[in-house]
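>>> Okay, sequence plus prediction incoming.
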Amino acid sequence: MKIAIVKETTEGERRVALIPDTVARLVKQGFEVWVERGAGEGAFFPDQAYVEAGAAIATDTAAIWGEADIVLKVGIPNPEEVAQLSSGKAFISFLSPLANPQLIQQLATQGVTAFSMELIPRTSRAQSMDALSSQAGVAGYKAVLLAAAALPKFFPMLTTAAGTIKPAKVFVLGAGVAGLQAIATSRRLGAVIEAFDIRPAVKEEVQSLGAKFVEIILEEETVAAGGYAKEISERAKAKTQEVLTQHVRDADVVITTAQVPGKKAPILVTEAMIAQMKPGSVVVDLAADQGGNCEGIQAGKSIQFHGVTMIGTVNLPADMPIHASQMYSKNIATFLQYLVKDGQINLDFTDDIIGGTCVTHNGEVLNQRVKDALLVSSH
Ligand code: NAD
């Protein structure tokens, strides 16, 4: 079984799908690994390290895409790349299938068996393949470092001969994987933390990390299938914003991470709330590329807005490419080992991991939500 690691083509993407350590393990298990020349450079893994791990460096991009049994990538492939894939071959990466139905249609039309890493089920059995979680953890960590660097204050409490410094107050909105890591990182830096999420189940996790949970009783179901958040009613949004206003005003740093799968990110912090923050405060919005949780945020930019530094992050894991790649590599290799049995791809669609992750096979789009998105985009 020939697998290929290709160079990333999305602007700013510095991660690589497999790191040399993982390649060495896969080679030992009988996989033949091709690495496109320079594929690991952005993450500081030189070609030589892949050669030492037992991979072959390939320079003919068209041959890699066309001949490998499975092509692996981190980011979404572009249409020209997909056009090079041969029928009957497999492709694995983050595909953002709901946001890119046309690309998924192209993969199906080409006869490619494509798997989307976003669709790995969030179950304990699939935990070591869960790339959404591993990368969200990186983003949550990095968001705090960006905030700390931009804040004109210390994070920890300091007692010095020059007086006592009060600890920074951090408010984390959305306590999923990224939010919890943001809480843990802020805590390590000595801040005092509050957090809010519409899923009441996270209260204990927030508290166990040493943060205070801001509780708002919404009197409606906020959790959808799979434990994800649901879009809440206008009434619940108004109630939430009323309570959040005071907590946002008191914070030195606000970190927002709230997402609802398949929907635009909810606005949690309005311009009026930002205008009430202390000058010099910092907002980091991890949902900026999904429309943002904060009014006025600009994806990929750091701006001044009512005296507040507003950082709209895009693809933060790519800014920590060594460890982000190491974790992604572990996720994708575990999935690969699960998928390939005796040198063959084992397409057991009744298996929740394989069936849930496969978006195209044999000319068909398999995932119902992607099919629905295609219907919407064709009207
Ligand atoms: P996510 O990135 O989809 O969203 C981030 C957080 O934003 C979530 O906690 C969500 O509840 C919250 N949110 C959404 N709308 C909000 C609003 N209006 N106000 C405040 N908060 C809002 O979430 P995620 O980190 O991918 O986690 C999603 C789910 O998957 C969670 O239930 C998580 O516990 C679960 N999960 C399970 C496993 C596992 O079992 N192996 C692993 C990872 C995640």
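Structure's in. What do you need?
>>> so where's the protein uncertain?
379 (pLDDT under 70).
>>> need the residues of it near the ligand, please.
Within the chain, the positions adjacent to the ligand are 122-124, 127, 130, 132-133, 136, 173-179, 196-199, 227-229, 232, 257-261, 266, 268 by CB under 6 Å from any ligand atom. Placement of C-beta: from N, CA and C, glycine included.
>>> filter the residues you listed to the buried ones?
130, 132-133, 136, 173-179, 196-199, 229, 232, 257-260, 266, 268 (16 or more other CB atoms under 10 Å).
>>> From these, which land in strands?
Residues of those located in strands (DSSP state E): 173, 196.
>>> Now do the contacts for the closest residue to residue 94 other than its chain neighbours.
Leaving aside its sequence neighbours, residue 94 sits nearest to residue 117 (CB to CB, 6 or more residues apart in numbering; 4.9 Å). By CB atoms under 8 Å, 6 or more residues apart in numbering, residue 117 lies in contact with 92, 93, 94, 95, 131, 132, 331, 332, 335, 357.
>>> go on, residue 24?
Here residue 24 is in contact with 53, 54 (CB under 8 Å, 6+ apart).
>>> beta partners for residue 303?
Residue 303 has the following beta-bridge partners by DSSP bridges: residue 310.
>>> What about the buried ones among the residues of the chain next to the ligand, which are in helices?
Among those, the members falling in helices (DSSP state H) are 132, 133, 136, 177, 178, 179.
>>> now the strands for the stretch 101-250 of the chain?
Using DSSP state E, counting those that start in this stretch, the strands assigned to the stretch 101-250 of the chain run over residues 113-116, 158-160, 163-165, 169-173, 192-196, 212-213.
>>> So what's the gap between stretch 160-179 and the chain middle?
Centroid displacement of stretch 160-179 relative to its chain, using CA atoms, centre = their mean, to the nearest Å, is 24 Å.
>>> end-to-end on it?
31 Å (CA to CA, to the nearest Å).
>>> what's the answer for stretch 165-176, then?
End-to-end distance (CA to CA), stretch 165-176: 31 Å.
>>> now residue 223, nearest residue through space, not along the chain?
residue 199 (5.4 Å).
>>> Could you tell me the phi and psi values at that neighbour?
The phi/psi pair for residue 199 (degrees, to the nearest 10) reads phi -90, psi 110.
>>> Also residue 70?
phi -130, psi 130.
>>> The chain should start at 336 in everything you say after this.
Fine by me, first position is 336 from now on; the one you just mentioned is residue 405.
>>> the helices in the stretch 586-714 of the chain, which residues?
606-610, 656-674, 687-692, 703-713 (DSSP state H, counting those that start in this stretch).
>>> Which strands and helices lie in contact with the last one?
I take that to be helix 703-713. Helices and strands touching helix 703-713, as assessed by 3 or more CB pairs under 8 Å, 6 or more residues apart in numbering; DSSP states H and E, comprise helix 436-444.
>>> Specify the angle between the helix it packs on and helix 703-713 in degrees.
With axes from the mean of the first three to the mean of the last three CA atoms, to 10 degrees applied, the angle from helix 436-444 to helix 703-713 works out at 110 degrees.
>>> so who does residue 366 touch?
Residue 366 touches 336, 337, 338, 671, 675, counting by CB under 8 Å, 6+ apart.
>>> can you check residue 439 too?
430, 432, 449, 694, 695, 700, 702, 705, 709.
>>> will you turn these into CSV that also has neighbour count?
Listed next are the contacts of residue 439 as CSV, based on neighbours: other CB atoms under 10 Å:
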residue, neighbour count
430, 26
432, 24
449, 29
694, 27
695, 28
700, 20
702, 21
705, 23
709, 17
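>>> what's the closest of those to the ligand?
For the contacts of residue 439, the minimum distance to the ligand (CB to the nearest ligand atom) is 15.2 Å, reached by residue 432.
>>> circling back: narrow the contacts of residue 366 to just the buried residues.
Buried among these by 16+ other CB under 10 Å: 336, 338, 671, 675.
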